[in-house]
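Asks: Fold the following and give me the result.
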Amino acid sequence: MPSLLPSILDARPLPTCATDTIGHSREGRPIQAFLFGQGPLRVSLIAGCHADEPVGPLLLRRLAAFLASLSPENLFLKAMEWWLIPHLNPDGEERNRGWWRGAEDACDLIGYLTQAVREPPGDDIEFGFPRNLDDLEARPENQAAWSWWRTARGPFHLHASLHGMAFAGGPWFLIDPAWTDRTRELRRRCAEAAQRLGYPLHDVERRGEKGFHRVERGFATRPSSQAMAQHFLSLGDEMTARLFRPSSMEAIRSLGGDPLTLVSEMPLFITPGVGEEIGPPDLKALEWKRKIDVWRLQLSRGQKPERIQACSDSGCLAPMPVRNQMALQWEFVCAGLEAVKSASPDTLAVDSTSL
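Replies: You can find the predicted model right below:
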């Protein structure tokens with residue numbers, strides 16, 4: 001990974017005309033996708049499902065440009081088949097363009113607090129995939145991805161949905177519960193990568209809420225649509241619970257095989273102290289949430305941004321450099337590829353050590 005990572009992160013995104021359009025958003029914006037390679041290891045990568053999480057799409061657009069630059073004889077294309085949807089939420093991307101434009105080094109706290117937009121639960125693209133072939137009421141974005149994935153020549157081996165968190169104690173990695181015992185090396189590799197970059201891992205004990213079961217520091221099982229719906233039922237919100245559909249991870253698994261499904265969660269801003277005592281409750285996390293809610297309210301009432309920024313600086317809240325977020329997302333993907341290869345060495349005779 002170290003030798004290829006700069007080539008990927010520095011690649012210039014391809015022009016729109018170089019992409020395939022697999023469908024359109026609610027508002028008619030095209031949904032772009034890429035298919036590279038013809039190898040035995042079939043990989044699906046998706047990003048942008050949540051409107052205010054821009055780093056995953058940035059990485060996948062650069063990965064697409066990198067793959068497009070390769071010779072057909074390159075290992076990346078001979079060993080793997082890459083299915084990329086850099087941004088499944090182009091309407092959400094447009095709504096968040098104001099605070100994200102020009103922020104590719106690190107995000108601006110004031111811009112995020114005053115301009116970030118996110119869909120409410122139940123109108124969530126990540127949990128909006130068709131329940132079955134007859135489910136035509138899912139969002140058009142989800143139907144487009146679902147239809148495209150079904151054209152694959154066989155089951156996928158790896159699927160990663162690249163997500164982010166606005167505020168967290170550090171990087172957080174979510175793993176398919178069916179693969180927990182087969183990802184020890186993946187966890188070691190990602191933990192060491194975060195440590196090399198100087199980041200503590202985010203840690204939280206949610207005791208199965210929404211499908212999150214803690215595995216170890218920095219790692220938990222990915223959420224599930226059933227657990228999400230149950231969470232809202234427990235709150236008495238039956239209407240929202242009914243809106244949840246399968247996630248992209250569940251949709252990929254429904255196509256057959258035993259794919260490893262992953263979710264990366266990279267923070268835009270690091271909240272010091274979160275996860276040191278995981279609780280529940282994590283008192284430091286609650287303290288940061290109260291502060292951030294107050295800042296957002298004060299800004300809406302006309303407080304000078306300089307005062308809010310000074311308060312955040314005094315608490316040592318800091319943006320996580322975008323390049324580091326992308327580096328750890330890519331490390332997670334590469335570690336996932338190694339885990340899949342190790343689980344099926346005879347079927348997938350792939351040398352991915354150069355990733």
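Asks: From here on, just use CA atoms for contacts and neighbour counts.
Replies: OK.
Asks: Packing partners of the strand or helix carrying residue 81?
Replies: Secondary structure assigned from DSSP states H and E places residue 81 in strand 80-85. Under the contact definition 3 or more C-alpha pairs under 8 Å, 6 or more residues apart in numbering; DSSP states H and E, strand 80-85 sits against strand 30-36, strand 41-47, helix 55-68.
Asks: Could I get the CA-only coordinates of it as PDB?
Replies: What follows is strand 80-85, C-alpha atoms only, in PDB (Å, rounded to 0.1, in the frame of the first residue of the first chain):
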ATOM      1  CA  MET A  80      -9.600  -8.000  -9.500                       C
ATOM      2  CA  GLU A  81     -12.900  -6.700 -10.900                       C
ATOM      3  CA  TRP A  82     -13.600  -3.200  -9.400                       C
ATOM      4  CA  TRP A  83     -17.200  -2.000  -9.200                       C
ATOM      5  CA  LEU A  84     -17.100   1.700  -8.100                       C
ATOM      6  CA  ILE A  85     -19.900   4.100  -7.300                       C
END
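Asks: Each with direction, which strands does it pair with?
Replies: Sheet pairing of strand 80-85 (DSSP bridges) gives strand 30-36 (antiparallel), strand 41-47 (parallel).
Asks: Let me know which of the ones you listed is tucked in deepest.
Replies: Most buried of those by mean neighbour count (mean count of other C-alpha atoms under 10 Å) is strand 41-47; its value is a mean of 24.
Asks: What segments of this structure are strands?
Replies: Taking DSSP state E as the test, the strands found in the chain are 20-24, 30-36, 41-47, 80-85, 158-168, 172-175, 214-216, 219-221, 260-270, 318-319.
Asks: any chance you could map the helices in the chain?
Replies: 5-9, 55-68, 75-79, 90-95, 97-100, 109-115, 140-149, 184-196, 225-234, 238-243, 248-253, 283-300, 305-314, 322-343 (DSSP state H).
Asks: Now tabulate the strands of the chain in CSV and tack on distance to residue 131.
Replies: Formatted as CSV, those follow (distance: least, C-alpha to C-alpha, whole Å):
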stretch, distance to residue 131
strand 20-24, 19
strand 30-36, 21
strand 41-47, 19
strand 80-85, 20
strand 158-168, 18
strand 172-175, 22
strand 214-216, 27
strand 219-221, 22
strand 260-270, 18
strand 318-319, 38
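Asks: so where's this structure uncertain?
Replies: 1-3, 15-19, 102-103, 346-355 (pLDDT under 70).
Asks: The nearest residue to residue 211 once chain neighbours are set aside: what's it in contact with?
Replies: Closest residue to residue 211 apart from its sequence neighbours, by C-alpha to C-alpha, 6 or more residues apart in numbering: residue 223 at 4.1 Å. Applying C-alpha atoms under 8 Å, 6 or more residues apart in numbering to residue 223 gives the contacts 210, 211, 212.
Asks: Check residue 300 too.
Replies: Listed by C-alpha under 8 Å, 6+ apart, the contact partners of residue 300 are residue 114.
Asks: separation between it and residue 94?
Replies: 22 Å (C-alpha to C-alpha, to the nearest Å).
Asks: which residue packs closest to residue 265, ignoring adjacent ones?
Replies: Closest to residue 265 by C-alpha to C-alpha, 6+ apart is residue 164, at 4.3 Å.
Asks: My read is that the one you found contacts residue 264, right?
Replies: Yes: applying C-alpha atoms under 8 Å, one finds residue 164 in contact with residue 264, separated by 6.9 Å.
Asks: any idea how far residue 160 is from residue 293?
Replies: Using C-alpha to C-alpha, one gets 31 Å for the distance from residue 293 to residue 160.
Asks: Of the two, give the one with the bigger neighbour count.
Replies: Just comparing residue 293 and residue 160: by other C-alpha atoms under 10 Å the higher neighbour count belongs to residue 160, 24 against 11.
Asks: residue contacts, the residue lying closest to the more buried one once chain neighbours are set aside?
Replies: Nearest non-adjacent residue to residue 160, counting by C-alpha to C-alpha, 6+ apart: residue 262, 4.6 Å away. The contact partners of residue 262, by C-alpha under 8 Å, 6+ apart, come to 158, 159, 160, 161, 173, 174, 175, 176, 222, 249, 336.
Asks: What about residue 112, how many residues nearby?
Replies: Using other C-alpha under 10 Å, residue 112 has 18 other residues around it.
Asks: So it is in contact with residue 99, correct?
Replies: Yes: with contact defined as C-alpha under 8 Å, residue 112 counts as touching residue 99 (5.9 Å).
Asks: hmm, back to that, could I get the contacts of residue 223 as a markdown table with distance to residue 313 and neighbour count?
Replies: Formatted as a markdown table, those follow (distance: C-alpha to C-alpha, whole Å; neighbours: other C-alpha atoms under 10 Å):
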| residue | distance to residue 313 | neighbour count |
| --- | --- | --- |
| 210 | 33 | 18 |
| 211 | 34 | 20 |
| 212 | 31 | 22 |
